[in-house]
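Novice: Fold the following, please.
(2 chains)
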Protein chains: 2
Amino acid sequence: MKVNKNYAALEKSYLFSEIAGKVREFSAKYPDRKVYKMGIGDVTLPLVPAVTQAMLSAAEEQGNAKTFHGYGPEQGYAFLRDAISSYYRSFGVSVDSDEIFVSDGAKSDLGNILDLFDADNTVLIPDPVYPVYVDTNRMAGRKIIFADALESNGFLPMPDERQEADIIYICSPNNPTGAAYDRPQLANWVQYANKRGAVILYDAAYESFIGDPSLPRSIYEIEGAKECAIEFCSFSKTAGFTGTRCGYTVVPFALKREAMSLHDMWLRRQSTKFNGVSYVVQKGAAAAFSAEGLRQIAENISVYRENARLICATLDRLKIWYTGGQNSPYVWMKCPDRRDSFTFFDFLLQETGVVGTPGSGFGKNGEGFFRLTAFSDRDTVSAAMAEFQRLFA
Amino acid sequence: MKVNKNYAALEKSYLFSEIAGKVREFSAKYPDRKVYKMGIGDVTLPLVPAVTQAMLSAAEEQGNAKTFHGYGPEQGYAFLRDAISSYYRSFGVSVDSDEIFVSDGAKSDLGNILDLFDADNTVLIPDPVYPVYVDTNRMAGRKIIFADALESNGFLPMPDERQEADIIYICSPNNPTGAAYDRPQLANWVQYANKRGAVILYDAAYESFIGDPSLPRSIYEIEGAKECAIEFCSFSKTAGFTGTRCGYTVVPFALKREAMSLHDMWLRRQSTKFNGVSYVVQKGAAAAFSAEGLRQIAENISVYRENARLICATLDRLKIWYTGGQNSPYVWMKCPDRRDSFTFFDFLLQETGVVGTPGSGFGKNGEGFFRLTAFSDRDTVSAAMAEFQRLFA
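Specialist: Purely as a prediction, here's the structure:
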């Protein structure tokens, strides 16, 4: 039996496991010191009442023979796909319910979508970026090239005609930099992809943090995007579903390559290697997009936005350079005193107990930068910013 | 961009979609006639009270900041992996909690596990079989050879030294035939795999239907299995989780190939392309394996077992040949009057309204056979068997 040798070429440990190890070490050494976790992008606010109530009702239904649900429809229940379609419509995007596939999360779909593509494709990935894009392609042995996201381009690389990309990753608002493309910039990427016959994998996991109406919340706001882009989104950051698990992927009917419909291929993939999301979870997700649910999740998002504002205000006061934090839960700061990312991580943890994420963990262009997330509770953010003020003032 | 061309070679439609289409057509044509669904292997009894109660409590927890759970541990919560490990211990099998990976279902894991293997492997699949084994390998372009499951070998093929298999699928109790290997037979497969350096993918989704103590409920009852086998199991049939979605896969520490640990590879795969199962669902699954939960799910299984007994008793009376139905929810009958499977499907639907699954949908050796499932409610089974009595007596 031959194993998939590409696994041997993967770097040993996943970024966040390494950080967790360092934090465990710190806490063991200094059991009395506080740790302010602003590293991993996990939410802290509970599910909103509309969602919890829907999940409670659904669990009751599952315990009753008359209302019990077994296997669900292959792409997800119509009540949820219709709710997602309406959500898109609320910001002016038309997506057919049958173009939507419900899943257990964007991370699964971002990995599994690669089943549809030949190993012999060149993949263009921004650097720095969410490490999963790189690892999932390395697992298949695909050639990877990078689009440099730098301070000089506002961490928003634009297409370079000399780069011959077949599959293009875009994450906007970006993880880790918090930078978000505007419509003309995104239109440039759509043109580039359509010209080349490439496919854009558009990660919109953070779209609900966009407040600026000049920024697109979906790639389908751009003309021509349905001919080249697959969009991934999630209830994780929108409705606090990190531990509840639900996401959705849009594969437009119009997206065809080499005479194959990518929509039909994805349907075939999902109906063969996946069996849908828990009825209880789908009911909860649909409730997040009810009128009441939308009001409640907007309140939660405004709490995280205010956290981001507090972080930005502190960095402004301390004259520390950063991007993000406006239309994103992530603040991407430059490490003070030209420290490299991991040295700064260790220094900050040691001096203040604040845990962030070293920028170099997201790619070589992340070196010298540091990611803070706004998903912590308010007390943690306030205390962490007081520590920043004390240390850097 | 090059698509994965193997998708073009897949047969167009999935067996159960085709059947659903035929049933829709029948109901549209004869709106007043009853349809007795004994085709797809979906459960009909609701979740047991212990599970529902645990899910209700967990949903409450998720709505409260003090008890909220975000991202869970990569392999699943320890409370669930420990419960699964104890479940194994209850029938004499020792599996370490850290060898267990919790997922959203066996179907996902059975497809995704193939990421670990090179496309250049020969896959041995029984015929007839659950169509997903074939399709998932065709998607990767692997060479497939078949092990003939025939009336003459009790639908339990044994290893053939002349077949050079690298990856071997075994499903016992089998879907669709209901046939189950005994320990000496399974030991033969383990020996064959270890001798060849092959890997066995052991689908134990129906183990909870085994009543005969001489039949193994896990491949790990066999010496040497931890060096060659991955076991897939599910709460779907054990605890009625078809619409709730939870399964588990055991990748033993001892399973190594070409100097790679398949356990470590699967951990890397899952932590990169998957983000765990809903906390609420994991709590429900763990409750199924509590003392109270085990008692309640055993009651449900005995209802399905009694359904199977009713089907078998009817076929015995009518002198229709069949296998399965003893340690399995599936009854695999020979089509009366030498009809082929799809002709019999149409005939039976037309004459009685009973929906089963044509054996040929599971492979060429399924031709002339027909699968009935015991997962329907008692009224459906009784009415369907009365129709059988009327038609075939």
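Novice: A:Val132 and A:Leu110 touch, don't they?
Specialist: Yes: here A:Val132 reaches A:Leu110: they are 6.3 Å apart, a contact under C-beta atoms under 8 Å. (C-beta placed from N, C-alpha, C; glycine too.)
Novice: neighbour-wise, which of the two wins?
Specialist: Using other C-beta atoms under 10 Å in any protein chain shown, the more surrounded residue of A:Val132 and A:Leu110 is A:Leu110, with 26 against 21.
Novice: who are the neighbours in contact with the more buried one?
Specialist: Under the criterion of C-beta atoms under 8 Å, 6 or more residues apart in numbering or on different chains, the contact list for A:Leu110 reads A:132-133, A:136, A:201, A:203, A:232, B:273.
Novice: How about stretch A:50-70 and chain B, any contact?
Specialist: Yes: in this structure, stretch A:50-70 sits against chain B according to C-beta under 8 Å from any C-beta of the partner chain; the contacting residues are A:51-52, A:55-56, A:59-60, A:62-65, A:67-70.
Novice: Now tabulate those residues in TSV and tack on secondary structure.
Specialist: As requested, those are arranged in TSV below (DSSP: H, G, I helix; E, B strand; the rest coil):
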residue	secondary structure
A:Val51	helix
A:Thr52	helix
A:Met55	helix
A:Leu56	helix
A:Ala59	helix
A:Glu60	helix
A:Gln62	helix
A:Gly63	coil
A:Asn64	coil
A:Ala65	coil
A:Thr67	coil
A:Phe68	coil
A:His69	coil
A:Gly70	coil
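Novice: Looking at the residues you listed, which two lie furthest apart in space?
Specialist: Comparing every pair within the residues of stretch A:50-70 next to chain B by C-beta to C-beta identifies A:Val51 and A:Ala65 as the most remote, at 25.6 Å.
Novice: Those two: which is more packed in?
Specialist: Relative neighbour count places A:Val51 above the other of A:Val51 and A:Ala65, with 31 against 9, counting by other C-beta under 10 Å.
Novice: Tell me how many other residues crowd the closest residue to the more buried one other than its chain neighbours.
Specialist: Nearest residue to A:Val51 in three dimensions, chain neighbours excluded: A:Gly284, at 4.6 Å (C-beta to C-beta, 6 or more residues apart in numbering or on different chains). Using other C-beta under 10 Å, the number of residues around A:Gly284 comes to 33.
Novice: what does the model give A:Gly284 for pLDDT?
Specialist: According to the predicted model, the pLDDT of A:Gly284 comes to 98.
Novice: which SS state does it fall under?
Specialist: Following three-state DSSP, we place A:Gly284 in the helix state.
Novice: residue boundaries of the helices in chain A?
Specialist: Counting by DSSP state H, chain A has helices at residues A:15-29, A:49-62, A:78-90, A:106-112, A:132-138, A:183-196, A:235-239, A:262-273, A:279-288, A:291-317, A:341-352, A:378-392.
Novice: Just send the ones you listed back as TSV, with distance to B:Tyr181 too.
Specialist: Compiled in TSV, the helices of chain A are given as follows (distance: least, C-beta to C-beta, whole Å):
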stretch	distance to B:Tyr181
helix A:15-29	39
helix A:49-62	33
helix A:78-90	41
helix A:106-112	32
helix A:132-138	36
helix A:183-196	51
helix A:235-239	42
helix A:262-273	26
helix A:279-288	34
helix A:291-317	50
helix A:341-352	53
helix A:378-392	55
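Novice: picking that back up, by neighbours, which of the contacts of A:Leu110 wins?
Specialist: Note: the member of the contacts of A:Leu110 with the most neighbours is A:Asp203, at 27 neighbours, neighbours being other C-beta under 10 Å.
Novice: my read: A:Ile100 touches A:Val250, true?
Specialist: Yes: A:Ile100 lies in contact with A:Val250 (C-beta under 8 Å); the separation is 5.7 Å.
Novice: Just give the number of residues close to A:Asp98.
Specialist: Look at A:Asp98: counted by other C-beta under 10 Å, it has 13 neighbours.
Novice: ditto for A:Val331
Specialist: Residue crowding around A:Val331 was assessed by other C-beta under 10 Å; the count is 29.
Novice: Equivalent analysis for the one 5 residues further on, please.
Specialist: Other residues lying near A:Pro336 total 18 when counted by other C-beta under 10 Å.
Novice: do you know how far it is from B:Arg183?
Specialist: Noted for A:Pro336: a distance of 66 Å to B:Arg183, by C-beta to C-beta, to the nearest Å.
Novice: Show me which residues of the stretch 201-350 of chain A are close to chain B?
Specialist: Within the stretch 201-350 of chain A, the positions lying close to chain B (C-beta under 8 Å from any C-beta) are A:240, A:242-245, A:257-258, A:260, A:262, A:265, A:268-269, A:271-281, A:284.
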